[in-house]
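Colleague: return atomic coordinates for the entry below.
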Amino acid sequence: MLKWMLVFVPIAIALEYLAPQSHLLIFVAAAIAILPLAAWLGRATEQLADRSGEGVGGLLNATFGNAAELIIALAALRAGLHDVVKATIVGSIVGNILLVLGAAMLAGGMRHQEQRFNESAGRAQATMLTLAAIALVIPAAYAALVGEINPGGGKTLSISISLVLLAVYAAFLLFSLWTHADSFRGVDATENVAHSDPWPLGQAIAVLAAATVAIAWLSEILVGAIEPTAHELGLSNIFVGVFIVAILGNAAEHATAITAALKNRMDLSLSIAIGSSVQVALFVAPLLVLASLVVGPHPMDLLFGKGLVLAVLLAVLITGQVAGDGRSNWLKGVQLLAVYLILGLAFFLIPQV
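Modeller: Numbers count the residues shown, from 1 in each chain. As a prediction, the model looks like this:
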């Protein structure tokens with residue numbers, strides 16, 4: 001059904017190079033082009049999940065889905081736009097656990113009265129998010145307490161925390177994929193059946209990789225088009241980074257998580273949504289801090305603005321409660337989406353600077 005939309009892939013690319021000032025047309029074409037690519041990404045992820053389990057399938061989707069954010073962030077690092085990078089990181093974390101997971105729970109709950117997922121896996125991932133929130137609070141607290149006394153300490157602290165987060169993320173992968181893989185197995189559901197036409201493993205990996213590359217490319221085109229338009233409308237850079245850029249970058253995860261929830265595969269949906277936020281917070285963010293030591297005009301730290309840190313804390317707080325009992329319904333989805341909407345309204349009213 002979505003195959004005809006693939007024609008917008010070359011259209012978006014052509015507009016980017018032939019009519020670079022047509023921001024609205026470029027945005028619309030790129031946004032439409034991402035939809036069928038996200039659908040192919042979701043189908044390839046489901047094929048791999050059937051072979052390797054919900055946890056691995058969700059990890060693969062999160063990894064490939066976050067490629068767009070990583071590419072965009074590296075481009076911003078080279079330009080020295082650290083505020084945009086930080087806003088995009090927070091937007092990706094908050095967007096995945098509030099918007100993506102909320103929409104998935106709402107969609108799945110509208111079709112199924114109650115859905116179940118692995119309680120142990122949900123709690124483990126929620127705890128990792130809490131750890132990420134702590135890692136964002138500490139640099140801000142350090143800057144407030146002793147920043148003026150030791151101004152260079154913030155950079156050292158950020159690099160040290162980044163190394164700790166990368167080590168913890170590696171330990172989490174070892175825990176979830178090897179030593180305690182049984183704790184991350186999906187809960188059996190009525191629609192968790194194998195596909196009638198399974199793809200060869202090579203085909204699934206090839207489709208996943210090709211769709212990811214195309215989505216990353218189109219995401220850059222789309223973001224480049226939406227920022228000038230957003231600023232013309234008087235939107236702040238923080239709002240653009242936290243919401244517009246993050247929503248567009250999360251298009252693949254959003255589509256896949258909702259599709260999985262509709263098929264009563266909440267373990268896969270949860271692994272995609274929360275797993276993507278965990279990966280951004282514990283892998284992508286510290287990796288960007290270390291990369292900034294060699295990329296861009298000056299190093300980036302983990303000192304996020306008070307509003308950004310507060311948004312992460314509130315999102316992590318409600319996600320921990322929602323994901324702690326192994327049950328999902330449409331009301332939980334509404335609650336997550338409500339928090340996202342409230343945060344969006346607050347950031348929307350920030351004046352343009």
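Colleague: thought A39 was touching H254?
Modeller: No - A39 is beyond contact range of H254, at 11.3 Å (criterion: C-beta atoms under 8 Å). C-beta coordinates here come from the backbone N, C-alpha and C atoms, glycine included.
Colleague: have a look at those two and say which one is more surrounded.
Modeller: Comparing A39 with H254 by other C-beta atoms under 10 Å, the one with more neighbours is H254, at 24 against 19.
Colleague: which strands and helices lie in contact with the host helix or strand of that one?
Modeller: For H254, the host element (DSSP states H and E) is helix 251-262. Here helix 251-262 touches helix 23-52, helix 54-65, helix 101-111, helix 201-232, helix 266-279, going by 3 or more C-beta pairs under 8 Å, 6 or more residues apart in numbering; DSSP states H and E.
Colleague: can you tell me the centre-most residue of the chain?
Modeller: S92 (4.2 Å; C-alpha atoms, centre = their mean).
Colleague: and the helix or strand encompassing it with helix 251-262, angle?
Modeller: Element membership of S92, judged by DSSP H and E, is helix 82-94. Angle of helix 82-94 versus helix 251-262, following axes from the mean of the first three to the mean of the last three C-alpha atoms, to 10 degrees, is 10 degrees.
Colleague: and helix 82-94 with helix 201-232, angle?
Modeller: Going by the same axes, to 10 degrees, helix 82-94 makes 120 degrees with helix 201-232.
Colleague: how far does helix 82-94 sit from the chain's center?
Modeller: 10 Å (C-alpha atoms, centre = their mean, to the nearest Å).
Colleague: wait, a helix at Q113?
Modeller: No - the assignment for Q113 (DSSP: H, G, I helix; E, B strand; the rest coil) gives coil, which keeps it out of a helix.
Colleague: in this structure I26 contacts Y17, no?
Modeller: No - between I26 and Y17 there is no contact under C-beta under 8 Å: 10.1 Å.
Colleague: neighbour-wise, which of these two wins?
Modeller: I26 (25 against 8).
Colleague: separation between the closest residue to the more buried one other than its chain neighbours and S22?
Modeller: Excluding its sequence neighbours, the residue lying closest to I26 (C-beta to C-beta, 6 or more residues apart in numbering) is A225, at 3.9 Å. To S22, A225 is 8 Å away according to C-beta to C-beta, to the nearest Å.
Colleague: neighbour count: those two, which is higher?
Modeller: For the pair A225 and S22, the greater number of neighbours falls to A225 (26 against 14), based on other C-beta under 10 Å.
Colleague: quick one: contacts for that one?
Modeller: Applying C-beta atoms under 8 Å, 6 or more residues apart in numbering to A225 gives the contacts E16, H23, L24, I26, F27, A30.
Colleague: L18 too?
Modeller: Per C-beta under 8 Å, 6+ apart, neighbours of L18: none.
Colleague: look up phi and psi at it.
Modeller: Phi and psi for L18, reported as degrees, to the nearest 10, are phi -100, psi -30.
Colleague: same deal with N264?
Modeller: phi 60, psi 30.
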